[in-house]
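> Got a predicted structure plus its sequence, pasted below:
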Amino acid sequence: MTTRRIAPYLSTTALLGAGLAVAFPYEALANPEFDIRGRLQMDYHMIDEDETDFVDGFNNRRARLGMDGSIDEHWDGRVEINVAEGSVSAADFRLRRSLGPGRLWLGQYKVPQGLNQLTSSNNYTFMERSSVSNIIPDSRRIGIAYEQTGDELGFKTMFFGRSLGDDEGEDDDVDHKDYRGNQPQGYAIRGVYAPFLTASRHNEAPRLHLGASLVYEDQDDPLDIGFSDRPELRDGDGGSQRLIGTTVEDVTDTTKLGLEAAYISGPLSAEAEYLTVSMNRDNGDEPTFSGWHVQGSYVLTGESRTYSTGGFGGVTPSGSGGAWELAARYSHMDLNDSGFAGGEQNNLTLGINYYASSNLRFMGNVVFADVKDRREDGLPGGDVLPDESPTLVGFRAQYNW
């Protein structure tokens, strides 16, 4: 980790603070209420290798530190930085304001697409998101958004550009994009319908979740876009090995569609999601990549995952003995289309979670991966790579405050 990598985020924090001082009267900022927030996720991995070498050992998955809170009766803000193995990145850097029946968002935060992607890493059921949720959604971007959420209906729309850190790294920095010309411009919208299935409306009442999202992004100048993922678990080397992947050159614009469904009733919850991305290019074939996952979990001690219109929260134990949860997921990701051969990956993940409290969780995952139909560099002219089926085991201690 170097000063050069940390400096952009420190300078952004300083600029945000200066902007607040200019934008709001002293009286409004005289009594802001901010709290320190953070999370720590420490992993240990053991891998039964097939063709590709992995590293058994420890991995610092996330170490975040930031602050959030109210600025006045209308505005709140959040600044958060993530320190992982060998890298520093910006998480949420944003302001929100109540506006009419909803809220206005300014800054960097997640693009509204994907139930699994929008669920906080403090709360999702497995140690990693599904491959399709890692590959297709855009995660965090800088932009302006408006959302409105009711008891059963909700929507969020966003106009966005780049992520913090893009155009600040070197050309070979895989964590950031180096744009050739103007920054991209994207538009996103996500809608959710989440009816209660009984007259009762308490947290453990049966509830259905249905959602759809659409994201369009114009690159301005053509951009090379990479698509790749690990087998839904990292290793002791921080997860440098990616078994599926390809790069599509000279992409002019992308269109991403997401469909999601979930069900929750007491200790039982289930979700399914489908995501696809199609691309236009200056020259050459124009591929479409897609994937999906289905998963379910059951809290043996009877607690229910929290839910509010639009997304899942975590599990809070009802007694001093904590809460136990069993979970299973099956996912499919296909990076083969129109001559591109990034491969297909199917994963079966089994998980067990112990919640010592609402803020302290211990996790265990085993992933049975099946990877096939891929070529070197994911391109038609590359050598055919062998199929492989590694088994990955991971454990996590997680604390957030």
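Received it, and whenever you're ready, just let me know what you need.
> any weak-confidence spans in the chain?
Within the chain, the stretches with pLDDT under 70 are 1-30, 86, 167-180.
> Can you classify the residue nearest to the spatial centre of the chain as helix, strand or coil?
Nearest to the geometric centre of the chain sits Q117, at 3.6 Å (C-alpha atoms, centre = their mean). The three-state label given to Q117 by DSSP: H, G, I helix; E, B strand; the rest coil is helix.
> roughly how far apart are the nearest residue to it once chain neighbours are set aside and V384?
Nearest residue to Q117 in three dimensions, chain neighbours excluded: P137, at 4.1 Å (C-beta to C-beta, 6 or more residues apart in numbering). Heads up, the C-betas are built off the backbone N, CA and C, glycines and all. Using C-beta to C-beta, to the nearest Å, P137 is found at 30 Å from V384.
> neighbour count winner among these two?
P137 (24 against 10; other C-beta atoms under 10 Å).
> Could you pull up the contacting residues of that one?
V111, Q113, G114, Q117, V215, K256, G258, L275 (C-beta atoms under 8 Å, 6 or more residues apart in numbering).
> likewise G38?
Contact partners of G38, counting by C-beta under 8 Å, 6+ apart, are A63, R64, L65, G66, E80, N400, W401.
> what number of residues lie near the second one?
What that stands for is R64. 20.
> my guess is it meets N82, correct?
Yes. Applying C-beta atoms under 8 Å as the test, R64 and N82 come out as touching, 4.8 Å apart.
> between those two, what contacts are shared?
A91.
> Give me the contacts around the strand or helix carrying Y146.
Under the criterion of DSSP states H and E, Y146 resides in strand 140-149. When contacts are defined by C-beta under 8 Å, 6+ apart, strand 140-149 is touched by residues 90-93, 99-112, 154-164, 186, 308-310.
> Can you turn the buried part of these into a ChimeraX selection?
Buried subset of the contacts of strand 140-149, written as a ChimeraX selection, criterion 16 or more other C-beta atoms under 10 Å:
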select :90,91,92,93,102,103,104,105,106,107,108,109,110,111,112,154,155,156,157,158,160,161,162,163,164,186,309,310
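> Now go through the contacts of strand 140-149 and say which are in strands.
90-93, 99, 102-110, 154-160, 186, 308 (DSSP state E).
> who touches R78 in this structure?
R78 touches R37, G66, M67, D68, D92, F93, R94, counting by C-beta under 8 Å, 6+ apart.
> got CSV for the residues you listed, with distance to V393 too?
Converted to CSV, the contacts of R78 look like this (distance: C-beta to C-beta, whole Å):
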residue, distance to V393
R37, 30
G66, 31
M67, 36
D68, 35
D92, 31
F93, 35
R94, 36
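> Drop anything exposed from those residues.
Buried among these by 16+ other C-beta under 10 Å: R37, G66, D68, D92, F93, R94.
> Any chance of these in CSV with distance to G339 as columns?
Listed next are those as CSV, based on distance: C-beta to C-beta, whole Å:
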residue, distance to G339
R37, 46
G66, 43
D68, 46
D92, 38
F93, 39
R94, 40
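> Not counting sequence-adjacent ones, nearest residue to I352?
G364 (4.9 Å).
> Enumerate every residue touching the one you found.
Counted by C-beta under 8 Å, 6+ apart, G364 has contacts G351, I352, N353, V393, G394, F395, R396.
> do the same with V366
If you count contacts by C-beta under 8 Å, 6+ apart, V366 has them with T349, L350, G351, T391, L392, V393, G394.
> all strands for the stretch 151-300 of the chain, in order.
Under the criterion DSSP state E, counting those that start in this stretch, the stretch 151-300 of the chain carries strands at the ranges 153-160, 185-193, 207-229, 244-265, 268-281, 288-299.
> Give the bridge partners for D253, please.
D218, N280 (DSSP bridges).
> Tell me how far the residue nearest to A272 when sequence neighbours are not counted lies from S265.
Once flanking residues are discounted, A272 sits nearest to V294: 4.5 Å by C-beta to C-beta, 6+ apart. From V294 across to S265, the span is 17 Å (C-beta to C-beta).
> coming back round to it: Three-state assignment for the residue nearest to I352, please.
Per three-state DSSP, G364 ends up strand.
> Which strand residues bridge it?
I352, F395.
> same thing with the one 4 residues further on?
Beta-bridge pairing for F368 (DSSP bridges): L348, T391.
> Let me see the contact set for it.
Contacts of F368 (C-beta under 8 Å, 6+ apart): N347, L348, T349, S389, T391.
> Show me the two of the residues you listed that sit farthest apart.
T349 and S389 (13.9 Å; C-beta to C-beta).
> If you count surrounding residues, which of the two has more?
Using other C-beta under 10 Å, the more surrounded residue of T349 and S389 is T349, with 26 against 14.
> thinking that one is in contact with R329, fair?
Yes. With contact defined as C-beta under 8 Å, T349 counts as touching R329 (4.5 Å).
> Show me whatever sits in contact with both of those two.
With C-beta under 8 Å, 6+ apart as the test, T349 and R329 both reach F126.
> could the contacts of G364 be laid out in TSV, adding distance to Y193 and neighbour count?
Formatted as TSV, the contacts of G364 follow (distance: C-beta to C-beta, whole Å; neighbours: other C-beta atoms under 10 Å):
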residue	distance to Y193	neighbour count
G351	28	20
I352	32	15
N353	28	24
V393	38	15
G394	35	25
F395	37	16
R396	33	21
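> ok, which pair from those residues is furthest apart?
Spatially, the most separated pair among these is N353 and V393, at 14.9 Å (C-beta to C-beta).
> Distance of the closest residue to D285 other than its chain neighbours relative to Y216?
Once flanking residues are discounted, D285 sits nearest to S338: 3.7 Å by C-beta to C-beta, 6+ apart. Distance of S338 to Y216, computed by C-beta to C-beta: 20 Å.
> just Y263 next, same as before
In terms of C-beta to C-beta, Y263 sits 30 Å off from Y216.
> One more: K110?
Counting by C-beta to C-beta, the gap from K110 to Y216 is 17 Å.
> Thanks again, I'm all set now.
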